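# got a structure for you, letters missing:
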């Protein structure tokens, strides 16, 4: 026993409690030095993004956490896991000189972004950022709290839609109270349903992103329709509702493919009908935008025996633009063979009446367009 300052007798601390406190302190000290896997991945990736080599990363981590025992070989699987989990991303820069060149050459474009990349997914990411900026700009200009976005289908649109959903998930200002997502085409390839814009809705599946409510309007329609039966299909109740909703769409988001690209989903679709393919060849088809064909003279309106069912025709776009609606076109290289789309770009920008308001395109497609234009001048 001992006596405290008041004269009261006190019992000395038990050895068991003293040992427990010592053990807790040792555990806490060890926890400070020992990182869990996610913390370790974060530390490795931050050093990687700072430009350190693998040996430098190992030395820096061992200096900060002396009990870690990190080696350069140990850093590689952590970086691979970060990449596979989507935590490590590359954001390519704009090709500023060519962005400025396109702005000056095509002043009717409201915004343009040339992405310094040869990869389609990079263009889709920048396209998502441009779409977010468009939504904010349209919301502030119109003072409307409900914005409607129409997505055409395809691989590029799928990646863009997912990236756009991720951006809207993040805290951001100036969004409308409600976003309405429209599918502007029907399912396009039964062997690859991920190209169907109706499937993009799953990226917004919780129904609310931040404080913005998400609503949907799908297009429950067949893959292909006979041109002479188009009116009958459009008159079906659910499909008629989708067509009537075009008047509400504020922003149309689309991509395209070159007719000469063997991986063009549109060309492969038309090949199911040799007669339709022949008609388009005779009309000088160059490419498609949003599953509708165009050539050097503009949208091809000659009827084919079959066609894709889409909510708008290319010939409708100038009128919609005249109503202050926006058309965002994103053009990246072919997702399968990386072929650029310079021929498509040159033909599209050369149209006497613009079919788009905003453009995101990769640097290789712009380079190919410039070469084609230079060759045409020489001839």
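Sure, I can see it. All values derive from a computational prediction rather than experimental measurement.

# out of the helices and strands in the protein, which is least certain?
Here the helix or strand of the chain ranked lowest by mean pLDDT, DSSP states H and E is helix 15-33, holding a mean of 45.

# OK, contacts around residue 98?
114, 363, 366 (Cβ atoms under 8 Å, 6 or more residues apart in numbering). (C-beta placed from N, C-alpha, C; glycine too.)

# name the SS class of the closest residue to residue 234 other than its chain neighbours, please.
Spatially, and ignoring its direct neighbours in sequence, residue 234 is nearest to residue 243 (5.7 Å; Cβ to Cβ, 6 or more residues apart in numbering). Under DSSP: H, G, I helix; E, B strand; the rest coil, residue 243 falls in the helix class.

# any chance you could map the strands in the stretch 51-200 of the chain?
Assigned by DSSP state E, counting those that start in this stretch, the stretch 51-200 of the chain shows strands spanning 111-115, 146-151, 178-183.

# dump these to CSV, plus distance to residue 138 and mean pLDDT.
CSV is the format used below for the strands of the stretch 51-200 of the chain (distance: least, Cβ to Cβ, whole Å; pLDDT from 0 to 100):
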stretch, distance to residue 138, mean pLDDT
strand 111-115, 12, 98
strand 146-151, 6, 96
strand 178-183, 11, 94
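
# among those strands, which is nearest residue 210?
strand 178-183 (10.4 Å; Cβ to Cβ).

# just the buried positions in that closest one, please.
Using 16 or more other Cβ atoms under 10 Å as the test for burial, strand 178-183 gives 179, 180, 181, 182, 183.

# identify the bridge partners of the last one.
Counting by DSSP bridges, residue 183 is bridged to residue 151.

# residue 54 and residue 72 touch, don't they?
Yes. Residue 54 lies in contact with residue 72 (Cβ atoms under 8 Å); the separation is 3.8 Å.

# more neighbours: which of these two?
Remark: of residue 54 and residue 72, residue 54 carries more neighbours, 18 against 13, as counted by other Cβ atoms under 10 Å.

# separation between that one and residue 67?
20 Å (Cβ to Cβ, to the nearest Å).

# also residue 336?
Taking Cβ to Cβ, one finds residue 336 at 48 Å from residue 67.

# hang on, the earlier thing: so what pLDDT did the residue nearest to residue 234 get?
You'll see residue 243 listed with a pLDDT of 93.

# wait, it sits on residue 235?
No. Counting by Cβ under 8 Å, residue 243 stays clear of residue 235, with 9.3 Å between them.

# so these two - more neighbours on which side?
residue 243 (18 against 10).

# what does stretch 234-241 contact?
Against stretch 234-241 from outside (Cβ under 8 Å, 6+ apart): 217, 219, 220, 221, 233, 243, 309.

# of the residues you listed, buried ones?
Applying 16+ other Cβ under 10 Å to the contacts of stretch 234-241 flags 217, 219, 221, 233, 243, 309 as buried.

# so which of those are in strands?
Residues of the buried ones among the contacts of stretch 234-241 located in strands (DSSP state E): residue 217.

# make CSV out of the buried ones among the contacts of stretch 234-241 and add distance to residue 143.
Shown next, in CSV, are those (distance: Cβ to Cβ, whole Å):
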residue, distance to residue 143
217, 23
219, 29
221, 34
233, 37
243, 28
309, 34
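
# of all the buried ones among the contacts of stretch 234-241, which comes closest to residue 321?
residue 243 (18.9 Å).

# separation between that closest one and residue 194?
24 Å.

# over to residue 76?
Counting by Cβ to Cβ, the gap from residue 76 to residue 194 is 31 Å.

# list the contacts of stretch 72-90.
With contacts defined as Cβ under 8 Å, 6+ apart, stretch 72-90 is touched by 37, 40, 41, 44, 45, 48, 53, 54, 55, 57, 58, 122.

# recalculate using a threshold of 6 Å.
Here stretch 72-90 makes contact (Cβ atoms under 6 Å, 6 or more residues apart in numbering) with 41, 44, 45, 54, 55, 57, 58.
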